[in-house]
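Participant: prediction below, plus the sequence it came from.
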Amino acid sequence: MAALKIVRDGLVLRVTLAKPERRNAFDAGLIAELTGAFADVGDARAVLLEGEGPSFCAGADVEWQRASIDLSYDENVEDAMRLYRMLEAIDACPAPVVCCVHGFALGGGSGLVACADIAVAWPDAVFGFTEVRLGIIPAVISPFTLAKIGPSAARRYFVTGERFDAATAMRIGLISEVADDLDASVEHRVSASWYAAWYAVHNARSSTSPGLYFQYLLGSSSRASSRCFCSSAETCRKHLMITVPFAASLASQLLIDR
């Protein structure tokens, strides 16, 4: 069964995460489908990314993460690279990406939000970079998230793993707007892009891409961040569980050494 619903609605391509029973948490299958969906959006003038059910996206699927303990280091690197390529495909999408957030957007779910050009959320939406509470760090999503919220907010939320509300998400720049009427707000944002020249929109998106900014900082940023992620997985495999304080210190070091 497909984990993604893709529907063309006039000039808009609607991409819906369709695993409500798992709070739309992503695994290898959903990662592959999302990568493919954003790699080719045709002549769509905007892409709407949303989640089915009570939450937008709860991040990485716990069962998928648990399976990584039995993988080799190189296999974990490749797994993380696939996750990075998914985020990169969303970030590099030629059409503006509008994210519609409700319920939870945690861990990698907040990473998805960071890749969007415009993100609109319900007032009761909940965000968080909660990886350190699971003994890992927000490594693969960091190039996109740091570019969106900046190092000051990242130093706090990467290290504490605390959850925060939609008003805070807007204050730190993760989302663009908090709206009671989400559909009307999203429709307004999407329709606004129809009056711009397509090639100008594409070039404007490219010029603000965090991938472009981090390319010279990290060289192969995807492999660098993937290896940070996989180091934690390898530690888990050897020691069963990495302590949360140590994971928090790794997150802090990631910010210092970026």
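Facilitator: Happy to help now that I have it.

Participant: what about the residue nearest to residue 62 when sequence neighbours are not counted, how many neighbours?
Facilitator: Spatial nearest neighbour of residue 62, chain neighbours left out: residue 25 (7.3 Å); criterion: C-beta to C-beta, 6 or more residues apart in numbering. For the C-beta atoms, the positions are set from N, CA and C on the backbone; glycine is no exception. Per other C-beta atoms under 10 Å, the neighbour tally for residue 25 reads 25.

Participant: how far away is residue 25 from residue 53?
Facilitator: Shown here: residue 25 relative to residue 53, a distance of 11 Å by C-beta to C-beta, to the nearest Å.

Participant: give me the below-cutoff pLDDT ranges for the stretch 1-150 of the chain.
Facilitator: Within the stretch 1-150 of the chain, the segments meeting pLDDT under 70 span 1.

Participant: tell me where it has helices.
Facilitator: 28-39, 62-67, 73-91, 108-115, 142-160 (DSSP state H, counting those that start in this stretch).

Participant: highest mean neighbour count out of the ones you listed?
Facilitator: Comparing the helices of the stretch 1-150 of the chain by mean neighbour count (mean count of other C-beta atoms under 10 Å), helix 108-115 comes out on top with a mean of 28.

Participant: ok and that one relative to helix 142-160, angle-wise?
Facilitator: Relative orientation of helix 108-115 versus helix 142-160 (axes from the mean of the first three to the mean of the last three C-alpha atoms, to 10 degrees): 140 degrees.

Participant: distance between helix 108-115 and the chain's centre?
Facilitator: Offset of helix 108-115 from its chain centre (C-alpha atoms, centre = their mean, to the nearest Å): 2 Å.

Participant: helices or strands next to it in the packing?
Facilitator: Applying 3 or more C-beta pairs under 8 Å, 6 or more residues apart in numbering; DSSP states H and E, we find helix 108-115 packed against helix 73-91, strand 97-101, strand 126-128, helix 142-160.

Participant: tally of neighbours for the residue lying closest to residue 156 once chain neighbours are set aside?
Facilitator: Distances taken as C-beta to C-beta, 6+ apart place residue 162 nearest to residue 156, at 8.0 Å, with adjacent residues excluded. Number of residues near residue 162 (other C-beta under 10 Å) recorded here: 14.

Participant: wait, residue 162 touches residue 128, no?
Facilitator: Yes. If you go by C-beta atoms under 8 Å, residue 162 and residue 128 touch, sitting 6.4 Å apart.

Participant: what residues are up against residue 15?
Facilitator: Residue 15 is in contact with 4, 5, 6, 34, 37, 38, 47, 48, 49, 50, counting by C-beta atoms under 8 Å, 6 or more residues apart in numbering.

Participant: beta partners of it?
Facilitator: residue 6, residue 49 (DSSP bridges).

Participant: gap between it and residue 153?
Facilitator: Taking C-beta to C-beta, one finds residue 15 at 27 Å from residue 153.

Participant: same deal with residue 144?
Facilitator: 14 Å.

Participant: what's the local residue count around the closest residue to residue 111 other than its chain neighbours?
Facilitator: Once flanking residues are discounted, residue 111 sits nearest to residue 141: 3.1 Å by C-beta to C-beta, 6+ apart. Look at residue 141: counted by other C-beta under 10 Å, it has 28 neighbours.

Participant: got it, and residue 7?
Facilitator: Residues near residue 7, counting by other C-beta under 10 Å, number 10.

Participant: and if you look at residue 200?
Facilitator: Neighbour count for residue 200, taken as other C-beta under 10 Å: 9.

Participant: mind checking the SS state of it?
Facilitator: helix (DSSP: H, G, I helix; E, B strand; the rest coil).

Participant: how close does it get to residue 89?
Facilitator: Using C-beta to C-beta, one obtains 21 Å as the distance from residue 200 to residue 89.

Participant: cool, residue 49 as well?
Facilitator: To residue 89, residue 49 is 12 Å away according to C-beta to C-beta.

Participant: ok, now residue 144?
Facilitator: For residue 144, the distance to residue 89 (C-beta to C-beta) stands at 12 Å.
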